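> Curious how this folds, go ahead:
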Amino acid sequence: MNPNLSAWLLVAASVIAEVAGTVALKYSDGFSRLLPSGMAAACYALAIWLMAVAMRQLDMGLTYAVWAASGTAAAAVVGMALFGEPVGVIKVVGLVCVVGGVVMLHLGSSQ
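Numbers count the residues shown, from 1 in each chain. Okay, the predicted model is just below:
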């Protein structure tokens, strides 16, 4: 398998772990519930480790931007889907801007 593809798959797994940690954080009720609190900590630790391994092959700036933007967008969508958070035009436009910004950053890195 292509090393860059493997690294991007690690970034994707890292995003999934980060979003899972964020969901667990929501359920932790301010770290007052032990199991969700432990899950949040474990998921965040896994997310950081996976991203660190991916950065062996990928540029730091682009990797972190993709990770942060993907995690932000995914957490917002999960919040809307699981927790009934409001969906509005401004929120959707903001998510599109976040994703578009990362795409532009990636396109700019090839110049």
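> Correct me if wrong: residue 24 contacts residue 43.
Yes - if you go by C-beta atoms under 8 Å, residue 24 and residue 43 touch, sitting 6.0 Å apart. All C-beta spots, glycine's among them, are computed from the backbone N, C-alpha and C.
> intersection of neighbour lists for these two?
Both residue 24 and residue 43 lack any common contacting residue under the criterion C-beta atoms under 8 Å, 6 or more residues apart in numbering.
> Grab the nearest non-local neighbour of the most centrally placed residue in the chain.
For the chain, the residue lying nearest the average C-alpha position, counting by C-alpha atoms, centre = their mean, turns out to be residue 71 (2.1 Å). Nearest non-adjacent residue to residue 71, counting by C-beta to C-beta, 6 or more residues apart in numbering: residue 18, 4.6 Å away.
> same check, this time on residue 19
Using C-beta to C-beta, 6+ apart and skipping residues adjacent in sequence, the residue nearest residue 19 is residue 74, 4.7 Å away.
> mind listing what's buried in the helix or strand in which that neighbour is found?
Secondary-structure element containing residue 74, defined by DSSP states H and E: helix 60-83. Using 16 or more other C-beta atoms under 10 Å as the burial criterion, the residues of helix 60-83 that qualify are 62-63, 65-67, 69-76, 78-80.
> any idea which of those residues is closest to residue 14?
Using C-beta to C-beta, the shortest approach to residue 14 within the buried residues of helix 60-83 belongs to residue 67, at 6.0 Å.
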